[in-house]
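Visitor: no FASTA, just this:
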Ligand SMILES: Nc1nc2c(ncn2[C@@H]2O[C@H](COP(=O)(O)OP(=O)(O)OP(=O)(O)O)[C@@H](O)[C@H]2O)c(=O)[nH]1
Ligand SMILES: [Mg+2]
């Protein structure tokens, strides 16, 4: 498929029909974290490294314009970078407003198509650490959480369950004071958890410190046949949400709820019916 054709197909994800991707070896890396922590800078390094190894890499950036960076797109940076990766890199920004059926379902289809078209490494970058980001990033096979010094977002990520979902946590901006402290805090908070803790690495996308170690750790993440409990849980919840949102009577049921004609239990019964 030509790039233009691929772009067009990705614009209509509801029409995509291709076989589901093979999950082993893993191919989809989710990158999440608060606005401005350096996700795109890190993604940029990962992309370069994978392209150097001969991979074709597709990057899907979910709602990439954040108030912090003023919407500086990864794609722009990549085009300016010294690596001539044009044939091996595919970028796509995805707006998340008004997606019927929810974003995870749409993403899943897009990823299957990209995989089918030979993009064997796919990165999803998503901002934030709320409940909806958890759902989005759970589509990925492996998850990198990016943190930074002086933020205190770690508690938010913890609450939303992102830490539980993460395979690696990178504390970026290690060139700035406070990064070490954040890494220590994360380690401490993980001591309480009963699941296998993710690797925690300090790095600086600015100076390059720790970046090759980070990429090596990502590359060495083991292949697993199925998702972790935490990922499976989020995928199941997404699928359930998709059923509700795609139900032909969804808006009618909403109206009946608003008019106080039915209860939530009635609504659920109606929406499961079809
Ligand atoms: N000092 C320092 N600055 C960094 C580092 N990594 C990224 N930055 C800067 O942090 C800012 C945000 O970087 P991005 O990579 O765009 O961050 P992001 O997490 O993708 O941001 P959003 O997508 O807007 O949420 C930019 O000005 C970068 O130059 C780092 O390791 N050290
Ligand atoms: Mg970004």
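Guide: That came through, no problem. No experiment lies behind these values; they were computed from the predicted model shown. Ligands and ions are numbered 1, 2, ... in the order given.
Visitor: report the closest residue of the protein relative to ligand 2.
Guide: Nearest residue of the chain to ligand 2, counting by C-beta to the ion: residue 40, 3.3 Å away. For glycine as for every other residue, the C-beta is placed from the backbone atoms N, C-alpha and C.
Visitor: any regions of the chain where pLDDT drops low?
Guide: Flagging of the chain using pLDDT under 70 yields the residue ranges 64-86, 97-101, 129, 151-160, 273-274.
Visitor: domain assignment for it?
Guide: For the chain, automatic domain parsing gives the domain ranges 3-225, 227-274.
Visitor: spatially nearest residue to residue 210 (excluding sequence neighbours)?
Guide: residue 203 (3.3 Å; C-beta to C-beta, 6 or more residues apart in numbering).
Visitor: cool, residue 257 as well?
Guide: residue 267 (5.7 Å).
Visitor: and that neighbour, what element?
Guide: helix 264-273 (DSSP states H and E).
Visitor: helices of the stretch 1-150 of the chain, start to end?
Guide: In the stretch 1-150 of the chain, the helices defined using DSSP state H, counting those that start in this stretch lie at 3-11, 39-52, 74-80, 103-116, 131-137.
Visitor: as a markdown table, those helices with distance to residue 170 and mean neighbour count would be great.
Guide: What follows is the helices of the stretch 1-150 of the chain, written out as a markdown table (distance: least, C-beta to C-beta, whole Å; neighbours: other C-beta atoms under 10 Å):
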| stretch | distance to residue 170 | mean neighbour count |
| --- | --- | --- |
| helix 3-11 | 28 | 13 |
| helix 39-52 | 6 | 21 |
| helix 74-80 | 16 | 15 |
| helix 103-116 | 22 | 22 |
| helix 131-137 | 14 | 22 |
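Visitor: adding distance to residue 63, write those out as CSV.
Guide: As requested, those are exported to CSV (distance: least, C-beta to C-beta, whole Å):
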stretch, distance to residue 63
helix 3-11, 15
helix 39-52, 12
helix 74-80, 13
helix 103-116, 9
helix 131-137, 10
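Visitor: show me which residues of the protein are close to ligand 2?
Guide: For the chain, the residues in contact with ligand 2 (C-beta under 5 Å from the ion) are 39, 40.
Visitor: tell me how far the biggest helix by length in the chain lies from the chain's centre.
Guide: Longest helix of the chain, by residue count under DSSP state H: helix 229-246. With C-alpha atoms, centre = their mean, to the nearest Å as the basis, helix 229-246 stands 15 Å off its chain's centre.
Visitor: mind checking how far the closest residue to residue 178 other than its chain neighbours is from residue 54?
Guide: Leaving aside its chain neighbours, residue 178 sits nearest to residue 149 (3.3 Å; criterion: C-beta to C-beta, 6+ apart). Counting by C-beta to C-beta, to the nearest Å, the gap from residue 149 to residue 54 is 35 Å.
Visitor: between the two, which is the more surrounded one?
Guide: residue 149 (19 against 7; other C-beta atoms under 10 Å).
Visitor: my guess is the more buried one meets residue 184, correct?
Guide: No. Residue 149 is beyond contact range of residue 184, at 11.4 Å (criterion: C-beta atoms under 8 Å).
Visitor: hey, where'd the helices end up in the stretch 151-274 of the chain?
Guide: Under DSSP H, counting those that start in this stretch, the stretch 151-274 of the chain gives helices at 154-160, 162-165, 179-191, 211-219, 229-246, 250-258, 264-273.
Visitor: that's all I had, so thanks and see you.
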